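>>> below are the sequence and a predicted model; questions follow.
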Amino acid sequence: MPLKPADVSFVVIVPVKPPARGKSRLDTFIPTDRRDLAAAFARDTVAAAHRTPCVEAVLVVTDDHRFAAVLSNDGCEVIPDGVSNDLNATLRQAAAECVRRWPSAIPVALCADLPCLVSDDLAAALAHAQGPSFVRDADGSGTTMYAAPHGEFDPSFGGNSADLHLLRGADEIAVPAPTLRLDVDDPADLAEALRLGVGPHTAQVWARTGS
């Protein structure tokens, strides 16, 4: 049974690679344009999370100090990544920080490459996050969102993460939420995101770099 908005609040954790190292599969773009697109994707993702009524805060984890300042100005709380090259350990560490800062909120891991995300889709998914739960990506094998109470927060991002989350007892959230499922990794994903409608930061970069 979906939760009522007043029943619970969430803190969205967004791990962000330094944009200069992100989106390597968008190799039809020159490196500076790839960097700008990666940064825009993250900014539009966190903006949509901020607009979601049940989200109490957005916590970004990144080691890019300059981009951290941008995201802080966008209203995010920002912490450095204390666990290099281990996304799941990074997320568990960030969830522990959530316990300290927002003890009554449920931590939610969210991919940073959701440029067409709308708050209604995120809210619809979070309304069904009553225990360890996840949203499968549009390709079917990955995960774009994982939520769990503090004591049960144990994500399994990586190859075939959707099946791994199922095997470890997480419930799959089956709401449609197309903009929450579309993580952009390659040009075909970007084309679909543009069709659905991207956020203002991505739209601005696309107006300059797109063809």
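Great, that's in hand.
>>> packing partners for the longest helix along the chain?
For the chain, the helix with the greatest residue count under DSSP state H is helix 31-50. Applying 3 or more Cβ pairs under 8 Å, 6 or more residues apart in numbering; DSSP states H and E, one finds that helix 31-50 contacts strand 10-15, strand 55-61, helix 65-73, helix 119-126, helix 200-209. Bear in mind the C-beta positions are built from the backbone N, C-alpha and C, glycine included.
>>> swap the cut-off to 7 Å and go again
strand 10-15, strand 55-61, helix 119-126, helix 200-209 (3 or more Cβ pairs under 7 Å, 6 or more residues apart in numbering; DSSP states H and E).
>>> just the buried residues of that helix, please?
33-49 (16 or more other Cβ atoms under 10 Å).
>>> list the contacts of that helix.
With contacts defined as Cβ atoms under 7 Å, 6 or more residues apart in numbering, helix 31-50 is touched by 12, 14, 16, 19-20, 22-23, 26, 29, 55, 58, 60, 67, 71, 74-76, 110, 112-115, 117-119, 122, 184, 198-199, 201-202, 205, 209.
>>> starting at the chain centroid, how far to it?
11 Å (Cα atoms, centre = their mean, to the nearest Å).
>>> average pLDDT for it, rounded please.
For helix 31-50, mean pLDDT is 97.
>>> now do stretch 150-157
On average, stretch 150-157 scores 96.
>>> and that stretch, which residues are buried?
153-157.
>>> out of the contacts of helix 31-50, which are buried?
For the contacts of helix 31-50, a neighbour count by 16+ other Cβ under 10 Å gives the buried set as 12, 14, 16, 19, 22-23, 26, 29, 55, 58, 60, 67, 71, 74, 76, 110, 112-115, 117-119, 122, 184, 198-199, 201-202, 205, 209.
>>> tally of neighbours for the nearest residue to Glu192 once chain neighbours are set aside?
Of all residues not flanking Glu192 in the chain, Leu182 sits nearest, at 6.1 Å (Cβ to Cβ, 6 or more residues apart in numbering). Residues contacting Leu182 under the criterion other Cβ atoms under 10 Å number 25.
>>> backbone phi and psi for Leu182, please?
phi -90, psi 90 (degrees, to the nearest 10).
>>> could you dump the helices and strands packed on helix 31-50 to a markdown table with distance to Arg136 and mean pLDDT?
Formatted as a markdown table, the helices and strands packed on helix 31-50 follow (distance: least, Cβ to Cβ, whole Å; pLDDT from 0 to 100):
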| stretch | distance to Arg136 | mean pLDDT |
| --- | --- | --- |
| strand 10-15 | 18 | 98 |
| strand 55-61 | 21 | 98 |
| helix 119-126 | 11 | 98 |
| helix 200-209 | 23 | 95 |
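>>> for Ser161, find the nearest of those.
Across these, Ser161 has its closest neighbour in strand 10-15 (13.5 Å, Cβ to Cβ).
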